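K.L.:
when you get a sec, could you give me coordinates for this:
(one chain, ligands or ions: 3)
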Amino acid sequence: MGSNKPKAVKIGICGLGTVGSGTVNVLQRNAEVIAARCGREIEIVQVGARRDNPACDTSAYNVSREIFDVATNPEVDILVELIGGTTVARELILAAIENGKHIVTANKALIAEFGTEIFEAAARKGVTVAFEAAVAGGIPVIKALREGLSANQVEWLAGIINGTGNFILTEMWEKGRDFGEVLKEAQALGYAEADPTFDVEGIDAAHKLVILASLAFGIPLSFDKVYTEGISRIETTDIQYAAELGYRIKHLGVARRRNEGIELRVHPTLIPEKRLIANVNGVMNAVLVKGDAVGPTLYYGAGAGAEATASAVIADIVDIARTLEVLPGQRVAPSGFFSDSHCSSGVLPVDDVETAYYLRMSAHDKPGVMSQVASICSDEGISIEALIQHEPGEGEDHVPVVILTSRVQEAKLQSAVRKIEALDSIAGAVTRIRVESLG
Ligand SMILES: NC(=O)C1=CN([C@@H]2O[C@H](COP(=O)(O)OP(=O)(O)OC[C@H]3O[C@@H](n4cnc5c(N)ncnc54)[C@H](O)[C@@H]3O)[C@@H](O)[C@H]2O)C=CC1
Ligand SMILES: N[C@@H](CC=O)C(=O)O
Ligand code: NA
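P.N.:
Numbering: from 1, shown residues only. Ligands and ions are numbered 1, 2, ... in the order given. Presented below is the predicted three-dimensional model:
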């Protein structure tokens, strides 16, 4: 009598860096439990890597120095792309799809910028593309949005979605460490992107935000429309003033549905310290999603790192393995929506966005300065909700002044700041950081 056990699913892994080696290690260590959950074994039939990585043992596998061998290997059911970037990775994935392979990738840049092309190619070939590891590392937030929250109209989402950035801000706040030194540590720990500018200038978070927004609202992937600001200009002084006012500074991605369109923005943000998300530290990420039916939900976990990310990569492999024999139309679509034109809302220009603001300026220590600033704010319809002004230091004639404003439209805030900076009694530029209550 023959066995009814389904045949193993055969995977090819391309890229043996941080995530690739983590994936090999977790697949080896947890092979039994993964196979039990999957209903079949997962067999690595080929690894594409320029060189071996001492962090994992691939001696039992067929290792090719040419990753495109994996895309053409007739044995491979699923190609796992872990090389990163948007050039070779795009060609590799399109070649693999053309050869009928399913795809698992951790590559947010690629999905955010070329996802539409890749999903269309996959749909034509009846294969699937899975990318849980692309957003918030090990947190199953893509699955939550695509499946767990499918009954909801998502009203907004906000997340700490870059582990490197959160690690840097946390170390600056908790230990007063220097920005550059902490970034180097994040690179050594394998958290940072190949080009760490992506982490510190908000580009990586913007990639992730457009993926989340597309899944949440059914809008096209629109990376070019995200307002993007990073953490590179955050100073320890601002972290300390924010704390004095009862806030933490976090780098946040925000996507909000409004009647006029969708807000898509990533930037440093003051968040009231009593919010759970304000206390998400180190490499941890968290995503808040507000659905009309379920209300607010929060997803928390490691946003980067070898095994945390491997956890998401392998969950995608398991998902595909479970539905290998299912007809393509019966699988969950990569975008979570079967209708292409689910939502026609456009992305709003940042000038239309309304938030409260933290402003820090250096003011001449003489009477009347604050009334000039207050009068400029009032002319733009801005009220001052809180103010910090310390005594000047010995021999100093300028003092730092910190203001928390009411909610104000971006364009009006910028106009007020220009007028404040033009005052003789204000030295240099005004530091501005948005404030979100997330209530
Ligand atoms: N490191 C992390 O914590 C996370 C990374 N990701 C994503 O996972 C992907 C991989 O990231 P890491 O493992 O951190 O990068 P990595 O730089 O550690 O590993 C990439 C590997 O791919 C190899 N590679 C690059 N181009 C190649 C080519 N043309 N042929 C053969 N090998 C090639 C490199 O030699 C390297 O070993 C990226 O898309 C990244 O954004 C996603 C979530 C978390
Ligand atoms: N560089 C990224 C890695 C995970 O996506 C980060 O720091 O979050
Ligand atoms: Na994830």
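K.L.:
count the neighbours of the residue of the stretch 201-350 of the chain found nearest ligand 2 for me.
P.N.:
Using CB to the nearest ligand atom, the single residue of the stretch 201-350 of the chain nearest to ligand 2 is residue 304, 3.7 Å away. C-beta: built from backbone N, CA, C; applies to glycine. Residues lying near residue 304 (other CB atoms under 10 Å) number 28.
K.L.:
and the gap between it and ligand 3?
P.N.:
According to CB to the ion, to the nearest Å, residue 304 and ligand 3 sit 11 Å apart.
K.L.:
tell me the predicted confidence for that residue.
P.N.:
With respect to pLDDT, residue 304 scores 97.
K.L.:
Three-state assignment for it, please.
P.N.:
Assigned state for residue 304: coil (three-state reduction, DSSP: H, G, I helix; E, B strand; the rest coil).
K.L.:
residues contacting it?
P.N.:
Counting by CB atoms under 8 Å, 6 or more residues apart in numbering, residue 304 touches 137, 163-164, 190-191, 283, 285.
K.L.:
can you give me the helices for the stretch 1-150 of the chain?
P.N.:
Taking DSSP state H, counting those that start in this stretch as the test, the helices found in the stretch 1-150 of the chain are 18-29, 31-38, 68-72, 88-98, 108-125, 141-143.
K.L.:
centre of the chain to the first one, how far?
P.N.:
Looking back up the chat, that one is helix 18-29. Distance of helix 18-29 from the chain centroid (CA atoms, centre = their mean, to the nearest Å) equals 22 Å.
K.L.:
that helix close to ligand 2?
P.N.:
No. Helix 18-29 stays clear of ligand 2 (CB under 6 Å from any ligand atom), getting no nearer than 8.6 Å.
K.L.:
tell me the buried residues in that helix?
P.N.:
For helix 18-29, burial by neighbour count (16 or more other CB atoms under 10 Å) applies to 18-27.
K.L.:
gap between residue 70 and ligand 1?
P.N.:
According to CB to the nearest ligand atom, to the nearest Å, residue 70 and ligand 1 sit 10 Å apart.
K.L.:
hang on, residue 90 packs against residue 110?
P.N.:
Yes. At 6.0 Å, residue 90 counts as touching residue 110 under the criterion of CB atoms under 8 Å.
K.L.:
out of the helices of the stretch 1-150 of the chain, nearest to residue 361?
P.N.:
Across these, residue 361 has its closest neighbour in helix 108-125 (35.7 Å, CB to CB).
K.L.:
show me the contacts for the nearest residue to the residue of the stretch 201-350 of the chain closest to ligand 2 once chain neighbours are set aside.
P.N.:
Leaving out its chain neighbours, the residue that sits closest to residue 304 by CB to CB, 6 or more residues apart in numbering is residue 163, at 3.4 Å. Shown in contact with residue 163 (CB under 8 Å, 6+ apart): 137, 186, 191, 283-285, 302-305.
K.L.:
phi and psi next, for residue 163.
P.N.:
Backbone geometry at residue 163, expressed as degrees, to the nearest 10, gives phi -70, psi -40.
K.L.:
show me what from the protein comes close to ligand 1.
P.N.:
Residues of the chain lying near ligand 1 by CB under 6 Å from any ligand atom: 15-20, 49-50, 67, 82-84, 88, 106-108, 133, 137, 190-191, 193-194, 304-305, 309.
K.L.:
neighbours around residue 123, how many?
P.N.:
Each residue near residue 123 was counted by other CB under 10 Å, and the total is 16.
K.L.:
so the nearest residue to it once chain neighbours are set aside versus residue 338, what's the distance?
P.N.:
In space, and not counting its chain neighbours, residue 123 is closest to residue 328: 7.6 Å by CB to CB, 6+ apart. Residue 328 is 11 Å from residue 338, where distance means CB to CB, to the nearest Å.
K.L.:
would you state the helices of the stretch 301-439 of the chain in chain order?
P.N.:
For the stretch 301-439 of the chain, the helices defined by DSSP H, counting those that start in this stretch cover 306-322, 369-379, 410-421.
K.L.:
buried set for stretch 365-378?
P.N.:
Neighbour-count burial for stretch 365-378 flags 369, 372-373, 376-377 (criterion: 16+ other CB under 10 Å).
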